[in-house]
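Student: Got a predicted structure plus its sequence, pasted below:
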Amino acid sequence: MDTTLTVTAPAADVVIMSGGPRTPRRDGANRVWRARIPAARDVSVAVGPFHVSDTVVDGVALRVGSYTTASRNTLMPIFARAIRELSARFGRYPFASLSIARVPGSQGGGIEYPASIQMQSESVTDAVHETAHQWFYAMVGNSQALHPWLDEAFAEYAERLVDARPEAASWLSYRGDVDRSIESYGTDSYDYFNVTYAKGAAALEAARTAAGRSGWDRVMRCYVAANAWQIAVPADFARAITQFPAAIAILRRAGALR
């Protein structure tokens, strides 16, 4: 949905949100921040005493804010690299901006939103993973309830490619089909992560090797372009890779494709 956000916050605070907020206007003791994102599945808003830095990466307005300047300065080059490397692999970054909010906490990880990410660490792998979701979820959508691997396995796969840390092939023998609904895991979150993330990424890596890396990478970019701003299902991905029967066989054995 074409979305405009207006946030009124205390004048001392900074707002970091989807759509790259413009310079705020003063309203008494507050400031009013506005942002627009033309194609959003959902949005993120973070408000607090952020130390913010702005730059432009290949035409993308990158804003990074953290509660410490050291954390901000660490994250800025990490996200700049993620934008560059993922764009080279999957096609142009899908939005005009990317806003990063490093929120207090030490649990690690992050959470993705269109054109915005909230982080709880300075982890390089987490940053690449969450940035990859701008392609797989924010642009190429999917049912995160029914087919969570179509964004999480793809983001894990992208993270592993960029960081040159292949997922262990042993994950391919882990029990359970990759294409499973979240409900099917019940309360077993470890099983969910092991199957959806690790086994799913391992299956995609094995499929890439079987298909030939350069040809597979070209088809991946075509898959992204063909399914942009829609909701993809596993059959859409299967159609995109029909020229790679060995890769399809690997993904079927992993239970990612039927």
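Tutor: Arrived safely, thanks for sending. Numbering: from 1, shown residues only.

Student: buried stuff in stretch 68-84?
Tutor: Within stretch 68-84, the residues scored as buried using 16 or more other CB atoms under 10 Å are Ser71, Arg72, Thr74, Leu75, Met76, Ile78, Phe79, Ala80, Arg81, Ala82, Ile83. To be clear about C-beta, it is placed using only N, CA and C from the backbone, and glycine gets the same treatment.

Student: Need the residues that contact it.
Tutor: Taking contacts as CB atoms under 8 Å, 6 or more residues apart in numbering, the residues outside stretch 68-84 that touch it are 51-53, 55, 57-58, 60, 62, 64-66, 93, 98, 100, 102, 119, 122, 124, 127-128, 131-132, 162.

Student: Give me the subset of the residues you listed that lies in helices.
Tutor: Those of the contacts of stretch 68-84 mapping onto helices are Val124, Ala127, Val128, Thr131, Ala132, Val162, per DSSP state H.

Student: What separation do you get for the residue sitting furthest away from the middle of the chain and Ala11?
Tutor: Residue farthest from the centre of the chain, counting by CA atoms, centre = their mean, is Gly28 at 37.5 Å. For Gly28, the distance to Ala11 equals 8 Å [CB to CB, to the nearest Å].

Student: do the same with Ala246
Tutor: 60 Å.

Student: next one: Gly141
Tutor: Noted for Gly141: a distance of 37 Å to Ala11, by CB to CB.

Student: So which of the two has more stuff around it?
Tutor: Applying other CB atoms under 10 Å to Gly141 and Ala11 shows that Gly141 carries more neighbours, namely 18 against 11.

Student: I'd say that one and Asp236 touch.
Tutor: No: using CB atoms under 8 Å, Gly141 makes no contact with Asp236, being 10.8 Å away.

Student: I figured Ala46 hits Met17, correct?
Tutor: Yes: using CB under 8 Å, Ala46 is in contact with Met17, at 6.8 Å.

Student: Looking at the two, which one has more neighbours?
Tutor: With neighbours defined as other CB under 10 Å, Ala46 and Met17 compare such that Met17 has more, 23 against 20.

Student: Any chance of the backbone angles for the more buried one?
Tutor: Phi and psi for Met17, reported as degrees, to the nearest 10, are phi -150, psi 170.

Student: hey, what's it bridged with?
Tutor: Val45 (DSSP bridges).

Student: cool, and the one 10 residues further on?
Tutor: According to DSSP bridges, the partner residues bridging Asp27 are Asn30.

Student: Same question for Thr8.
Tutor: Val32.

Student: quick thing: my sequence starts at 215, can you match it?
Tutor: In the new count, where the first residue is 215, that last one comes out as Thr222.

Student: Pull the number of nearby residues for it.
Tutor: Count around Thr222 with other CB under 10 Å applied: 13.

Student: Selection in ChimeraX covering whichever of the ones in helices among the contacts of stretch 282-298 are buried, please.
Tutor: A single ChimeraX command suffices to select whichever of the ones in helices among the contacts of stretch 282-298 are buried according to 16+ other CB under 10 Å:
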select :338,341,342,345,346,376
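
Student: Including pLDDT and distance to Ala468, could the ones in helices among the contacts of stretch 282-298 go into CSV?
Tutor: Converted to CSV, the ones in helices among the contacts of stretch 282-298 look like this (pLDDT from 0 to 100; distance: CB to CB, whole Å):
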residue, pLDDT, distance to Ala468
Val338, 94, 27
Ala341, 97, 27
Val342, 97, 23
Thr345, 98, 25
Ala346, 98, 20
Val376, 93, 22
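
Student: For the residue nearest to the spatial centre of the chain, which non-adjacent residue is closest in space?
Tutor: Centroid check for the chain by CA atoms, centre = their mean gives His347 as the closest residue, at 1.6 Å. Nearest residue to His347 in three dimensions, chain neighbours excluded: Glu326, at 3.6 Å (CB to CB, 6 or more residues apart in numbering).

Student: how about the one you found, secondary structure?
Tutor: strand (DSSP: H, G, I helix; E, B strand; the rest coil).
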